[in-house]
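Enquirer: Here is a sequence with its predicted model. Questions after.
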Amino acid sequence: MKIAVTGSIATDHLMTFPGLFEDSILADKLDKISLSFLVDELQVRRGGVAANIAFGLGYSGLAPILVGAVGADFADYRSWLERHNVDTESVHVSETLHSARFVCTTDLKQNQIASFYPGAMSEAREIELQPIAERVGGLDLVLIGPNDPEAMARHTEECRERGLPFVADPSQQLPFTSGEEIKSLIEGAAYLFSNEYEAALITHKTGWSIDDIRERVDVVVTTLGAQGSRVMTRDGAVIEVPVPREERRLDPTGVGDAYRAGFLAGLAWEFPLERCAQFGSVLATYVIETTGTQEYDLYHDHVVDRVREAYGQASADDIGARLSLSRH
């Protein structure tokens, strides 16, 4: 299965605040907020939604096609992704702008305050999908992740025009997108990904109920944090999948991206939807146990053991048979 992953490619600057944001935020002064937090740790990591998802797919043994725009500072990042089975030939390199930057501070309750500089991402609107499809011999699925808004609209419309199945994943762009724009991004999608808050934003901004959305999207996937995930189909089926037991909790950044990578890997392996959600949840658990979105280590036997513990032997057998990982 040939999966193109479009969206942001960025460098993450991740900081840890050894306290609680809530202790410094006054509810009656939100209109005049002026705060700074003394952090005790800074990690500079590879990131960006599309790159994170592509990394997870590549690490799992697939060969995703990454589509996005970066600056000339992408060389080391490109090498890293290619060593993890990611096709980067269709990444556009800007001649004038730096790659995007994500700056995020996390407190002791895993609450986050973040900023995002798009940089070269604004040039993603120049990318056409058809030449990419011709280069790789066709595309079976295109994930349209948070990106330059014009790029997201262009990719979505091109998928409709060319009959390419697509995954709508507007996530981080939802707060800045109108209801009509959101409708145009998700209408006709094969899959819609969001977390619980984003799902509420979609219904609020579009005026569509969840039933309205299910009439327009084949499969609606909602991640629910510690409560797992919910998969709903057009025919009314609802699948609830819990999360595996965590060995530790360090940083939630990139958890949703890893879930998407695992879910898409399951689709490529022709798993049923429940099994897709299970593998997505396992990858997400590895990410929350590390600092950084692409710093987790996967070993075949360890992954299979975690799947078995969380979901049973049948799930472990199915996933174990498809994973292309070291068995150490």
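Expert: That came through fine.
Enquirer: Quick check, central residue of the protein?
Expert: For the chain, the residue sitting closest to the mean C-alpha position, by Cα atoms, centre = their mean, is D257 at 2.6 Å.
Enquirer: tell me which element the closest residue to it other than its chain neighbours falls in.
Expert: When the adjacent residues along the chain are set aside, D257 lies closest to N52, with 3.6 Å between them (Cβ to Cβ, 6 or more residues apart in numbering). Yep, even glycine has a C-beta here, placed from its N, CA and C like the rest. N52 belongs to helix 49-59 when assigned by DSSP states H and E.
Enquirer: Quick check: mean pLDDT of the helix or strand following that helix?
Expert: Toward the C-terminus, helix 49-59 is succeeded by strand 65-67 as the next helix or strand (DSSP H and E). This predicted structure assigns strand 65-67 an average pLDDT of 98.
Enquirer: likewise stretch 18-38?
Expert: Taken as a whole, stretch 18-38 has a mean pLDDT of 88.
Enquirer: Same check on stretch 70-81?
Expert: Stretch 70-81 carries an average pLDDT of 95.
Enquirer: Now that stretch: buried residues?
Expert: Neighbour-count burial for stretch 70-81, with 16 or more other Cβ atoms under 10 Å as criterion, is recorded at 70-71, 74, 77-78, 81.
Enquirer: Kindly report the same for stretch 202-217.
Expert: Applying a neighbour-count criterion of 16+ other Cβ under 10 Å, one finds 202, 205-206, 208, 213-214, 216-217 buried in stretch 202-217.
Enquirer: now stretch 226-237
Expert: When neighbours are counted by 16+ other Cβ under 10 Å, the buried residues of stretch 226-237 are found to be 228-232.
Enquirer: Restricted to helices, list those.
Expert: Within the buried residues of stretch 226-237, no residue falls in helices by DSSP state H.
Enquirer: of these, closest to R248?
Expert: G228 (18.7 Å; Cβ to Cβ).
Enquirer: How about the contacts made by the closest residue in space to the closest one that isn't next to it in sequence?
Expert: Setting aside the residues directly before and after it, G228 is nearest to P242 in space (Cβ to Cβ, 6+ apart), at 4.2 Å. Contacts for P242 were tallied using Cβ atoms under 8 Å, 6 or more residues apart in numbering; they are 227-228, 281, 310.
Enquirer: cool, and D76?
Expert: When contacts are taken as Cβ under 8 Å, 6+ apart, D76 is in contact with no other residue.
Enquirer: One more: Y117?
Expert: Remark: with contacts taken as Cβ under 8 Å, 6+ apart, Y117 is in contact with 100-103.
Enquirer: would you turn these into CSV with secondary structure?
Expert: As requested, these are exported to CSV (DSSP: H, G, I helix; E, B strand; the rest coil):
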residue, secondary structure
A100, strand
R101, strand
F102, strand
V103, strand
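Enquirer: Sort out which one of those lies nearest L30 for me.
Expert: Distance to L30 across the contacts of Y117 (Cβ to Cβ) is lowest for V103, with 21.2 Å.
Enquirer: Neighbours of the closest one, how many?
Expert: A count of neighbours around V103, defined by other Cβ atoms under 10 Å, yields 16.
Enquirer: Bridged to it, which residues?
Expert: According to DSSP bridges, the residues that bridge with V103 are H13, S115.
Enquirer: Would you agree it is in contact with A114?
Expert: Yes. With contact defined as Cβ atoms under 8 Å, V103 and A114 form a contacting pair (6.4 Å).
Enquirer: mind listing the strands for the stretch 1-150 of the chain?
Expert: With DSSP state E, counting those that start in this stretch as the criterion, the stretch 1-150 of the chain has strands at 3-6, 10-16, 41-47, 65-67, 69-70, 92-93, 100-106, 112-117, 141-144.
Enquirer: what angle separates the second one from strand 100-106?
Expert: Meaning strand 10-16. 20 degrees (axes from the mean of the first three to the mean of the last three Cα atoms, to 10 degrees).
Enquirer: all helices of this protein, in order?
Expert: In the chain, the helices defined using DSSP H lie at 49-59, 75-83, 129-136, 149-162, 179-186, 196-206, 210-216, 255-268, 273-288, 300-311, 313-322.
Enquirer: Highest mean neighbour count out of these?
Expert: Highest mean neighbour count of the helices of the chain: helix 49-59, a mean of 29 (counted as mean count of other Cβ atoms under 10 Å).
Enquirer: returning to what we had before: out of the helices of the chain, which is closest to E89?
Expert: The closest of the helices of the chain to E89 is helix 129-136. By Cβ to Cβ, the value is 7.0 Å.
Enquirer: Show me what that closest one is packed up against.
Expert: Other helices and strands packing on helix 129-136, by 3 or more Cβ pairs under 8 Å, 6 or more residues apart in numbering; DSSP states H and E, are strand 3-6, strand 65-67, helix 149-162.
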